[in-house]
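Peer 1: predicted model, plus sequence, below.
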Amino acid sequence: MEKISVAVRFRPSIAEEAAGERQWRIEDNRISLHRPLGTPISGISFAFDHVFEQSSTNASVYDILIKSIIQAAINGFNGTAFAYGQTSSGKTFTMNGSQLDPGIIPQAVRDIFDTTHMITDREFLVRVSYMEIYNEEINDLLSLGNQRLPVHESLERGVYVAGLREEIVNSADQVLELIKLGEANRHVGETNMNVRSSRSHTIFRMVIESSAKDSTSSVDAIRVSVLNLVDLAGSERIAKTGAGGVRLKEGKHINKSLMILGNVINKLSENGKHRAHIPYRDSKLTRILQPALGGNAKTSIICTVAPEEVHIEETKGTLQFASRAKRITNCAQVNEVLTDAALLKRQKQEIEELRRKLQGQHSEVLEQVILKQRNDMHKSELEREKLAMELEEERKSRQALEHHMGEQQRRIDYLNELLASNDARKLIQGTVHTHSSYEEMSSRNCMSQGNTFTTPIFKAMPDQFVVKRSNHSKAFDSSPLPENFTNTANEDLWLQLNKGFRTDLDALQMTPNVRYRAAQSNDTSIGTDLEEWNTKERCLNLASECKLQALQVDALKEQYDMLERKYSQLREENSSLVQTLSYSNHDVVLLKAQKDELQKDLNYEREKMRDLKEEIRLFGLVFAERECLLNSLYSKSKTMIENFSSSQII
């Protein structure tokens, strides 16, 4: 049983401290809050395992706090280290660092590989994974396709994330490249307190397996340790960060998970008799870190705080969290696996088992057959995928061709309808023209007969012209009428009246309409000629348009025939591809059947091997019993011989 190691680290102050502000003071490993005059405030004093001042480096933090956990992880102990604190207090810098001052994670990676290379009596296998908890969803930072992964638990693996990508690595540079890839996929954002604020919790996990070299024991234990290096997102206050929209939602999830982590710490720090249910399952973070909190792991917590007076309340909450975490005890022990859960042991056993099975049974031929079958199956799968892609492309091209052919057919139908409508229009226009000419002539004749008093006026009437109609017969007070003046209202009479002559309008006779009719007939003949000329010109224009449209129709028909030929050709190719695909599917089925037969043979050989092992075991037991019996007979005969020899001597 050992307690969790807790340390506090102050980041450098951003603003200069004023003389009249409260300040945090560090005395050895104790932190206390003092008033402006230097007097301490009662009740606000905390003691921890280590306290790092503002001038401390990541190397000093690693050497004092983390290096022992790394060495223990190499020896088979589970280890966890995480940074806790408010936003912009230096957690990410402590874990990742910079080029000039590397953080805990890169130093731990290099330390692990440097140490394992110096150990010559053990063989190591290292696997790494990198995940983030964003809005209470687990995402794989090494593979963008693995999102919203579930958390499971088993007796062999404990608590683990299903579907998480794990990479087998053999050098520190390879691990650092994977970390760069994961950092590029991590969710970060800008707030009022930090330009690059972490919006998710990240967990960098290393699984270290080791076994003794040149071991002849069949029950050699494999050491399997899990090292978690956690960079938590910082707690936030909306009034200070100014978060809104997506940032506000992220901040709510961050604060909720950190609150659940605080509840777990509170429950674990209580006395065992009064301890209630520990809510590990309320958050993905506490669920994954369950072994590190009161379980089988060596754990170190680095609480980062800000020294400014404006952040005193947040710093006080962080120090209270650290004080409670300091009272938690873990039970760390070496993890030795005697089952097939270890990857290194499982690989070795499978290789040795296959070698034993293949010895003396045409191993080379069987290996070549299996390899050939695997290659053929792989090639057939690739060919099938290729054919499926080609078939999909052919289907898309056929749909495009059918659409184009439909467009061409619609254009042809439109042109045919246009030609038919032009022919019908010509016939209708000829009939309508004849009928309208007759109606026009009839209407003009009716107008000339019904409106007989209408006389064309060739010039404007003068203003002084006045005609007075008399209501009764009386003598005219005017000059005598000329001799040639008659009572017929003709054009000469109208001209004389316009010049000032007077006459009795009631005595006038109507003007004969012979001249008007003649003029009207002449006008009708002229209008008919003009209409006939316009009709001929229209017919010529329509004929030229029909010729052009006929040429277009011929061209479209040729294009349609060409598209029909292409369509038929594509159909034939499609049918051939479908037939080839069916053949390949048949080959795949045959290969699967052959694989099943080989698997059955292997299973049969395994059964035979098991029976043989059982027989050998029984034979060994019988042999041991007989050996014991022979030993007892030998001892009895020896005693009898000794007794007999002694009796003879006597």
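Peer 2: Looks like it arrived, so ask away.
Peer 1: for the chain, which segments count as helices?
Peer 2: Remark: helices of the chain, listed N- to C-terminal, are 58-61, 67-74, 91-96, 104-118, 172-184, 238-241, 246-269, 284-288, 312-325, 343-358, 363-450, 491-499, 514-649; assignment by DSSP state H.
Peer 1: quick one: closest of those helices to Tyr134.
Peer 2: Ranking the helices of the chain by proximity to Tyr134 (C-beta to C-beta) places helix 246-269 first, at 7.7 Å. In this view, the C-beta of every residue, glycine as well, is placed from N, C-alpha and C.
Peer 1: mind listing residues that contact the closest one?
Peer 2: By C-beta atoms under 8 Å, 6 or more residues apart in numbering, the list of residues contacting helix 246-269 from outside reads 84, 133-136, 187, 189, 191, 199-201, 232-236, 238, 241, 243, 275-280, 282-286, 293-294, 321, 324-325, 327-328.
Peer 1: nearest to Val337, of the helices of the chain?
Peer 2: In terms of C-beta to C-beta, the element of the helices of the chain nearest to Val337 is helix 343-358, at 7.0 Å.
Peer 1: could I get the CA-only coordinates of stretch 68-84 as PDB?
Peer 2: Listed in PDB are the C-alpha atoms of stretch 68-84, where the atom choice follows Å, rounded to 0.1, in the frame of the first residue of the first chain:
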ATOM      1  CA  SER A  68      10.600   6.400 -10.600                       C
ATOM      2  CA  ILE A  69       7.200   5.600 -12.100                       C
ATOM      3  CA  ILE A  70       8.900   5.000 -15.500                       C
ATOM      4  CA  GLN A  71      11.400   2.600 -14.000                       C
ATOM      5  CA  ALA A  72       8.600   0.800 -12.100                       C
ATOM      6  CA  ALA A  73       6.600   0.400 -15.400                       C
ATOM      7  CA  ILE A  74       9.600  -1.200 -17.100                       C
ATOM      8  CA  ASN A  75       9.800  -3.600 -14.200                       C
ATOM      9  CA  GLY A  76       6.100  -4.600 -14.500                       C
ATOM     10  CA  PHE A  77       4.100  -2.100 -12.400                       C
ATOM     11  CA  ASN A  78       1.300   0.000 -13.800                       C
ATOM     12  CA  GLY A  79       1.900   3.700 -13.800                       C
ATOM     13  CA  THR A  80      -0.100   6.900 -14.300                       C
ATOM     14  CA  ALA A  81       0.800  10.600 -14.300                       C
ATOM     15  CA  PHE A  82      -1.500  13.400 -15.100                       C
ATOM     16  CA  ALA A  83      -1.600  17.200 -14.800                       C
ATOM     17  CA  TYR A  84      -4.600  18.900 -13.200                       C
END
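Peer 1: quick one, which of the contacts of helix 246-269 are buried?
Peer 2: Of all these considered here, the ones buried according to neighbour count by 16 or more other C-beta atoms under 10 Å are 84, 133-135, 187, 189, 191, 199-201, 232-236, 241, 243, 278, 280, 282-286, 293-294, 321, 324-325, 328.
Peer 1: pLDDT weak spots in the stretch 201-350 of the chain?
Peer 2: Where the stretch 201-350 of the chain drops to pLDDT under 70, the residues are 214-220, 239, 243, 271-275, 338-350.
Peer 1: try the chain
Peer 2: 15-20, 214-220, 239, 243, 271-275, 338-382, 385-386, 422-534, 536, 648-650.
Peer 1: quickly list the domain ranges of it.
Peer 2: Recorded structural domains for the chain (assignment: the TED database) are 2-337, 340-393.
Peer 1: now distance to Phe623 too, for the ones you listed, in TSV please.
Peer 2: Conversion of the domains of the chain to TSV gives the following (distance: least, C-beta to C-beta, whole Å):
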stretch	distance to Phe623
domain 2-337	19
domain 340-393	22
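Peer 1: most tightly packed of the ones you listed?
Peer 2: domain 2-337 (a mean of 17; mean count of other C-beta atoms under 10 Å).
Peer 1: any idea how far that one is from the middle of the chain?
Peer 2: For domain 2-337, the gap between its own C-alpha mean and the chain's C-alpha mean amounts to 29 Å (C-alpha atoms, centre = their mean, to the nearest Å).
Peer 1: touching, Ser225 and Gly79? I think so.
Peer 2: Yes: with the criterion set as C-beta atoms under 8 Å, Ser225 and Gly79 qualify as a contacting pair; they are 7.1 Å apart.
Peer 1: any shared contact partners between the two?
Peer 2: With contacts taken as C-beta under 8 Å, 6+ apart, Ser225 and Gly79 have 72-73 as neighbours in common.
Peer 1: among the domains of the chain, which is nearest Glu417?
Peer 2: The minimum distance between Glu417 and these falls on domain 340-393, with 36.4 Å, by C-beta to C-beta.
Peer 1: what's stretch 231-243 in contact with?
Peer 2: Stretch 231-243 is contacted from outside by 82-89, 91-92, 95-96, 191-193, 197-202, 204, 247-248, 250-251, 254-255, 258, 285, 314, 317, using C-beta under 8 Å, 6+ apart.
Peer 1: may I have it exported as CSV, CA atoms only?
Peer 2: Below are the C-alpha coordinates for stretch 231-243, written out as CSV (Å, rounded to 0.1, in the frame of the first residue of the first chain):
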residue,chain,number,x,y,z
ASP,A,231,-3.1,15.8,-20.1
LEU,A,232,-6.4,17.0,-18.7
ALA,A,233,-8.3,20.0,-20.1
GLY,A,234,-8.5,22.9,-17.6
SER,A,235,-11.5,23.9,-15.6
GLU,A,236,-13.1,27.1,-16.9
ARG,A,237,-15.2,30.0,-15.7
ILE,A,238,-17.3,31.5,-18.5
ALA,A,239,-16.9,35.0,-17.1
LYS,A,240,-13.2,34.8,-17.6
THR,A,241,-12.9,32.7,-20.8
GLY,A,242,-15.8,34.4,-22.6
ALA,A,243,-16.8,31.1,-24.1
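Peer 1: contact partners for the nearest residue to Thr57 once chain neighbours are set aside?
Peer 2: Nearest non-adjacent residue to Thr57, counting by C-beta to C-beta, 6 or more residues apart in numbering: Asp101, 5.6 Å away. For Asp101, the contacting residues are 57-59, taking C-beta under 8 Å, 6+ apart as the criterion.
Peer 1: pick the one among those closest to Gly38.
Peer 2: Sorting the contacts of Asp101 by how near they are to Gly38, with C-beta to C-beta, puts Thr57 at the top with 28.9 Å.
Peer 1: phi, psi of that closest one?
Peer 2: Here is the backbone geometry of Thr57 (degrees, to the nearest 10): phi -110, psi 170.
Peer 1: how near is it to Gln71?
Peer 2: Using C-beta to C-beta, to the nearest Å, Thr57 is found at 20 Å from Gln71.
Peer 1: kindly report the same for Lys592.
Peer 2: 50 Å.
Peer 1: what sits closest to Glu153 if chain neighbours are left out?
Peer 2: For Glu153, ignoring the flanking residues on the chain, the nearest one in space by C-beta to C-beta, 6+ apart is Val159 at 5.0 Å.
Peer 1: mind listing what that neighbour touches?
Peer 2: Going by C-beta under 8 Å, 6+ apart, the list of residues near Val159 reads 151-153, 287-288, 290-291.
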